[in-house]
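Enquirer: got a structure for you, letters missing:
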């Protein structure tokens, strides 16, 4: 269990520092940017394509191998009343359902995400508590039997920026802690990870004049630079165009965008 939650912890940090065409967790119809990401190409030749509804909400993500074979696809469904995403489903290459997640909201805040297996039985549930200014302050994870397996306490500054996430585990495994630092513009400049009281490494992030992330450098606990990512942005959309990583001649990720109006015409 400890290894499983450690992996989840690492994936959390990776999502924070490497986000490009992010997974929708709420509605996209409020986004002022008229562009949508339609393709992500990976260094190994594999790629992702994205589909949207008429309002710009992402409805499907499909992953392909380098030769064009489908690996999986993920569908997103939204509430007709609120516009928030209420269901996410993952399908295998043969189009069989692998899992499905339902999201529940209260006043526009996501309070629970419950995941079910292909047979319809619950596999996991994550419930979120909110405090002052409707900022999330705690996330609790439950297993298939609704038994608490882990919980995360969230600390924020006066601006609502997360300054610390502490993961506690019901099995007694050491706490996993993530600390966040920010500059005067509210940009996250450093992410430090701990297991218990022991530092396991950190990320340092820089930003351009438009407050867009320009680099992310990962360091081990002894201060050795392990890896660095560089971000290039699309001039038209302002979104991430390319992510480069040290030690590789190929971009780690490349993204393609269309105006929503152009996307609609193609469909």
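Expert: Perfect, thanks for sending it. The structure displayed is predicted, hence computed values, not measured ones.
Enquirer: Wasn't residue 204 part of a strand?
Expert: Yes: residue state for residue 204 (DSSP: H, G, I helix; E, B strand; the rest coil) corresponds to a strand.
Enquirer: Run through the residues that contact it.
Expert: 189-190, 216-217, 219 (C-beta atoms under 8 Å, 6 or more residues apart in numbering). Every residue, glycine included, has its C-beta placed from N, CA and C.
Enquirer: Could you dump those into a markdown table and include distance to residue 48, secondary structure and neighbour count?
Expert: Output for the contacts of residue 204, formatted as a markdown table (distance: C-beta to C-beta, whole Å; DSSP: H, G, I helix; E, B strand; the rest coil; neighbours: other C-beta atoms under 10 Å):
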| residue | distance to residue 48 | secondary structure | neighbour count |
| --- | --- | --- | --- |
| 189 | 29 | strand | 15 |
| 190 | 29 | strand | 14 |
| 216 | 21 | strand | 21 |
| 217 | 26 | strand | 17 |
| 219 | 29 | strand | 18 |
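Enquirer: List just the nearest of those to residue 239.
Expert: residue 216 (16.5 Å; C-beta to C-beta).
Enquirer: and that closest one, bridged to which residues?
Expert: Following DSSP bridges, residue 216 is listed with bridge partners residue 205, residue 229.
Enquirer: Then residue 130?
Expert: Under DSSP bridges, the beta-bridge partners of residue 130 are residue 136.
Enquirer: what about the helices in the stretch 151-267 of the chain?
Expert: 260-266 (DSSP state H, counting those that start in this stretch).
Enquirer: got the residue ranges for the strands in it?
Expert: Applying DSSP state E, counting those that start in this stretch to the stretch 151-267 of the chain gives strands spanning 162-169, 176-182, 188-195, 198-207, 213-220, 225-233, 240-245, 253-259.
Enquirer: Out of those, which is closest to residue 119?
Expert: Comparing the strands of the stretch 151-267 of the chain by their distance to residue 119 (C-beta to C-beta), the top pick is strand 162-169, with 27.2 Å.
Enquirer: And the closest one, how far out from the chain middle?
Expert: The chain centroid and the centroid of strand 162-169 are separated by 17 Å, computed with C-alpha atoms, centre = their mean, to the nearest Å.
Enquirer: same deal with stretch 41-49?
Expert: Taking C-alpha atoms, centre = their mean, one finds stretch 41-49 lying 18 Å from the centre of the chain it belongs to.
Enquirer: where's residue 242 relative to residue 208, distance?
Expert: Using C-beta to C-beta, to the nearest Å, one gets 14 Å for the distance from residue 242 to residue 208.
Enquirer: More neighbours: the two, which one.
Expert: residue 242 (16 against 11; other C-beta atoms under 10 Å).
Enquirer: Tell me the confidence at that one?
Expert: Residue 242 carries a pLDDT value of 97.
Enquirer: Repeat that for residue 80.
Expert: 86.
Enquirer: In three-state terms, label it for me.
Expert: Quick answer, by three-state DSSP: residue 80 is coil.
Enquirer: same for the helix or strand encompassing residue 100, what does it pack against?
Expert: When elements are assigned from DSSP states H and E, residue 100 belongs to strand 97-106. When contacts are defined as 3 or more C-beta pairs under 8 Å, 6 or more residues apart in numbering; DSSP states H and E, strand 97-106 packs onto strand 85-92, strand 109-117.
Enquirer: Just put those in CSV and tack on mean neighbour count, mean pLDDT and distance to residue 247.
Expert: Shown next, in CSV, are those (neighbours: other C-beta atoms under 10 Å; pLDDT from 0 to 100; distance: least, C-beta to C-beta, whole Å):
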stretch, mean neighbour count, mean pLDDT, distance to residue 247
strand 85-92, 18, 97, 31
strand 109-117, 16, 97, 35
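Enquirer: Alright, I will stop here.
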